[in-house]
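Asks: I would like to see how this sequence folds:
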Amino acid sequence: MSDGDISRYRREAEECRSFAAKTANAIEKQQALRLADEWLKLAQVARFPLGVEPRAALDGEIGRAELGVLPEHAGVNQHSC
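Replies: Numbering: from 1, shown residues only. Prediction:
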């Protein structure tokens, strides 16, 4: 995958985080944060292809740290931002 893909995935994650910050609906907020985490995971896979990623990338720590996402927001995608 290209640097453009990685940038796009990170932008999508940022959009979901922004949506989560603005919504008053707790369920939508949780789903948006989960989707943001999934976008970051995609960015990490794109950044470190072929299974050569460091453990932090596998756990999602690199992308979450860059966006300030807390680990408790990890989960399965159920929302579209």
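
Asks: list the buried ones in whatever helix or strand residue 12 lives in?
Replies: Assigned by DSSP states H and E, residue 12 falls within helix 3-22. When neighbours are counted by 16 or more other C-beta atoms under 10 Å, the buried residues of helix 3-22 are found to be 6, 8, 9, 10, 12, 13, 14, 16, 17, 19, 20. (C-beta placed from N, C-alpha, C; glycine too.)

Asks: so the first one touches residue 41, yeah?
Replies: No. Residue 6 lies out of contact with residue 41 (C-beta atoms under 8 Å); the separation is 11.9 Å.

Asks: Which residue ranges of this structure form helices?
Replies: For the chain, helices defined by DSSP state H occupy the ranges 3-22, 26-47, 55-59, 61-67.

Asks: I'd like those helices as CSV, with mean pLDDT appended.
Replies: As requested, the helices of the chain are arranged in CSV below (pLDDT from 0 to 100):
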stretch, mean pLDDT
helix 3-22, 94
helix 26-47, 94
helix 55-59, 53
helix 61-67, 51
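
Asks: ok, residue 13 to residue 48 distance?
Replies: Distance check for residue 13 against residue 48: by C-beta to C-beta, to the nearest Å, it reads 16 Å.

Asks: again with residue 18
Replies: From residue 18 across to residue 48, the span is 26 Å (C-beta to C-beta).

Asks: next one: residue 21
Replies: Using C-beta to C-beta, we find residue 21 at a distance of 28 Å from residue 48.

Asks: quick revisit: now do the helix holding residue 12 and helix 26-47, the angle between them.
Replies: Helix 3-22 and helix 26-47 are oriented at 160 degrees to each other (axes from the mean of the first three to the mean of the last three C-alpha atoms, to 10 degrees).
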